[in-house]
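[1] Just a sequence and a predicted model for now, questions to come.
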Amino acid sequence: MRILSKKIIMVTLFSLFTSLFASPIGYAQTILKCGTSTQPSHIYNQAVEYFAKLVADRSKGEIEVQLFPASQLGSERDMVEGLQLGSLEMTLTSTGPLGNFVPQIKLFNLPFLFKDRESCYKVLDGPIGADIAALFNKVGIRSLGWYENGFRNITNSKRPIEKPEDMNGLKIRVMEDDVFILTMKSLGASPLPMAFGELYTALEQKTVDAQENPLAVIHSSRFFEVQKYLAMTGHFYSPALLLISEIAWQRLTPEQQGILADAATQARDYERKISMEADQTLEAELKKEGMQVSHPDKAPFVKAVAPVYENPSVVKAIGGGDPTEGQRLIDAVQQAAR
Ligand code: EAX
């Protein structure tokens with residue numbers, strides 16, 4: 001009896017102590033690790049920090065989102081696999097490796113698919129975007145929304161790019177998907193798929209001559225240190241997805257899930273805004289850093305990549321194994337994106 005009451009007093013004192021002195025940060029009941037591939041100053045990480053703040057406030061410190069940038073937790077592909085296994089809770093990733101998990105997402109990897117941001121958002125936030133994002137539920141992952149990486153431009157260390165012919169023979173790093181490989185081949189370049197984390201060194205050591213990424217990535221990763229020429233081709237619109245492991249999601253209460261979903265939408269809008277601002281300001285910054293910038297006429301590039309849209313294996317993958325469905329989706333996006 002005496003021992004029991006002593007124990008009760010100890011437990012009570014302990015819980016009193018922790019509730020009095022513990023700050024919510026670091027003592028959250030739920031910790032969600034969120035990994036990204038890009039450098040800390042990149043828009044993805046600004047957005048995850050914004051999201052983390054909203055979630056911490058609204059959950060009153062119960063949920064803490066911890067950011068791990070710069071491929072610390074592995075490549076984008078590794079992180080998505082981590083979500084499936086439950087060894088990682090969240091990631092904000094480009095569509096680069098996602099075709100390995102949901103082939104239909106290759107639809108958004110097609111070159112020159114969207115003419116501007118409005119048409120991107122119209123499709124991604126509409127039924128086509130929702131249907132494709134929902135396919136992640138079948139592979140143990142849940143999408144919390146379409147963020148963006150941005151319109152991609154080509155950099156290289158060899159020469160200014162003014163026309164597709166200037167791409168001839170350039171060794172260019174691409175993200176790991178056949179749509180990107182086919183696109184660069186159709187422009188006459190030699191594509192080499194590689195994880196983003198290895199790219200700076202590959203450029204520095206001249207394993208590749210070229211790469212392509214939105215200005216926000218080129219700037220935050222300091223590619224201007226190892227690449228002289230920037231061509232504003234805008235050949236791919238690169239969406240990004242905020243993803244959560246289904247295992248982590250199911251551990252949350254419906255109320256907590258609601259907090260995450262709302263914060264994700266708010267952080268998405270914030271991220272799209274800073275992404276657009278980055279595009280408006282960073283060309284001048286990159287020039288200041290010594291890059292020589294060209295603005296090629298896009299028409300011959302659009303023409304050169306047309307065969308990618310007819311590639312049977314791409315069309316089939318987009319349709320989830322059904323080429324007719326793949327073609328229907330491509331047509332529907334082109335219709336909506338106009
Ligand atoms: O998601 O792999 C890439 O080039 C991506 O644009 C980058 O990692 C951001």
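    Good, I have the coordinates.
[2] rest of the way, CA atoms for contacts and neighbours
    Noted.
[3] For the stretch 151-300 of the chain, give the residue positioned nearest to the ligand.
    residue 196 (4.3 Å; C-alpha to the nearest ligand atom).
[4] residues near that residue, how many?
    If you count neighbours by other C-alpha atoms under 10 Å, residue 196 ends up with 20.
[5] what do you get for residue 125?
    So residue 125, with other C-alpha under 10 Å, has 13 neighbours.
[6] residue contacts, it?
    residue 146 (C-alpha atoms under 8 Å, 6 or more residues apart in numbering).
[7] So what pairs up with residue 210 in the strands?
    Assessed by DSSP bridges, residue 210 has beta-bridge partners residue 156, residue 172.
[8] Spit out the contact partners of it.
    154, 155, 156, 157, 170, 171, 172, 173, 203, 227.
[9] Check residue 135 too.
    residue 102 are the contacts of residue 135 under C-alpha under 8 Å, 6+ apart.
[10] make it 10 Å
    Contacts here follow C-alpha atoms under 10 Å, 6 or more residues apart in numbering; on that basis residue 135 touches 101, 102, 103, 104, 105, 141, 142, 143.
[11] Go through those and single out the one with the most neighbours.
    Going by other C-alpha under 10 Å, residue 141 tops the contacts of residue 135 with 27 neighbours.
[12] how much space between that one and the ligand?
    As judged by C-alpha to the nearest ligand atom, to the nearest Å, residue 141 and the ligand stand 18 Å apart.
[13] From what I see, that residue and residue 84 are in contact.
    Yes: counting by C-alpha atoms under 10 Å, residue 84 is a contact partner of residue 141 at 6.3 Å.
[14] so what sits against both of those two?
    With C-alpha under 10 Å, 6+ apart as the test, residue 141 and residue 84 both reach 101, 244, 245, 246, 247, 248.
[15] quick check, nearest of these to residue 184?
    Minimum distance to residue 184 across the shared contacts of residue 141 and residue 84 is 22.5 Å, recorded for residue 101 (C-alpha to C-alpha).
[16] Just confirm the closest one contacts residue 76, I think it does.
    No: the pair residue 101 / residue 76 is not scored as a contact, 12.0 Å apart, by C-alpha under 10 Å.
[17] which other residues reach stretch 249-266?
    30, 32, 47-48, 50-59, 62-63, 89-90, 140-147, 242-243, 267-268, 270-271.
[18] rerun at 8 Å
    With C-alpha under 8 Å, 6+ apart as the test, stretch 249-266 has contacts from 51, 54, 55, 58, 59, 142, 144, 145, 242.
[19] next one: stretch 110-123
    So stretch 110-123 is contacted by 129, 179-180, 183, 234-237, 302, 305, 308-309, 333-334, 336-338 (C-alpha under 8 Å, 6+ apart).
[20] Among those residues, name the buried ones.
    129, 179-180, 183, 234-237, 302, 305, 308-309, 333, 337 (16 or more other C-alpha atoms under 10 Å).
[21] Now render these as CSV, adding distance to the ligand.
    Listed next are these as CSV, based on distance: C-alpha to the nearest ligand atom, whole Å:
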residue, distance to the ligand
129, 18
179, 14
180, 11
183, 15
234, 13
235, 13
236, 10
237, 10
302, 21
305, 19
308, 20
309, 21
333, 22
337, 22
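[22] In helices, which of those residues appear?
    In this view, these that belong to helices under DSSP state H are 129, 179, 180, 183, 302, 308, 309, 333.
[23] Which two of those residues have the greatest separation?
    129 and 302 (23.3 Å).
[24] Quick check: next helix or strand after the helix or strand hosting residue 285?
    Using DSSP states H and E, residue 285 falls within helix 254-288. Per DSSP H and E, the first helix or strand lying C-terminal to helix 254-288 is strand 292-294.
[25] Alright, I will stop here.
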